[in-house]
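Asker: okay, here's the prediction I keep looking at, along with the sequence it came from:
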Amino acid sequence: MLKKGSKLNSILTGTCPKCQNESMYVDKNPFHLANVLKMNTKCSHCGLTYQIEPSFFYGAMYVSYGVNVAIGIAAFIVSYLFFNTSLKTSFIAILATLIILGPLVLRWSRNIYINMFVHYDPNFKA
């Protein structure tokens, strides 16, 4: 399903978008909250600098907003329509879902954002 070279592989695994051989993050576990956004400066395989320009990942905030809205809507649909809960319970379900998935969303938004600008290079040789 997640073949090397696909954008989805790079986004979900957090690997370098150019070579997909190495994680962009210092700590691979997003639930270690002290290190959730600590990134390597460059890929040791292909040399891609992750911080393409100063404040590059500020644009990921917009991606994060969209991802959080989508997750909130999905949590509402599941809780309210499928489980027939009250609006108050659905609101609590949305908040709980967003809090639990918060560290993942932070990383996913950065991964999505960098993958919009950097593409996989199948001809790259390590």
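Answerer: Looks like it arrived, so ask away.

Asker: just give the closest residue to the residue nearest the centre of the chain, not the sequence neighbours.
Answerer: For the chain, the residue nearest the mean C-alpha position is Trp108 (0.5 Å; CA atoms, centre = their mean). Nearest residue to Trp108, sequence neighbours excluded (CB to CB, 6 or more residues apart in numbering): Val67, at 6.1 Å. The way it works is simple: take the backbone N, C-alpha and C, and place the C-beta from them, glycine included.

Asker: would you confirm that the residue nearest to the centre of the chain contacts Ile11?
Answerer: Yes. Between Trp108 and Ile11 a contact is recorded at 6.5 Å, counting by CB atoms under 8 Å.

Asker: before we move on, the earlier item: next, the residue nearest to the centre of the chain: phi, psi?
Answerer: phi -60, psi -40 (degrees, to the nearest 10).

Asker: who's in contact with it?
Answerer: Ile11, Leu12, Val67 (CB atoms under 8 Å, 6 or more residues apart in numbering).

Asker: those residues in strands, which ones?
Answerer: Nothing among those maps onto strands, per DSSP state E.

Asker: most surrounded residue in those residues?
Answerer: Ile11 (20 neighbours; other CB atoms under 10 Å).

Asker: quick check: which element contains the closest residue to it other than its chain neighbours?
Answerer: Spatial nearest neighbour of Ile11, chain neighbours left out: Asn111 (4.4 Å); criterion: CB to CB, 6+ apart. Assigned by DSSP states H and E, Asn111 falls within helix 102-117.

Asker: ok now that helix, how far from the chain's centre?
Answerer: Mean-position distance between helix 102-117 and its chain equals 3 Å (CA atoms, centre = their mean, to the nearest Å).

Asker: mean confidence for that helix?
Answerer: For helix 102-117, the mean per-residue pLDDT is 96.
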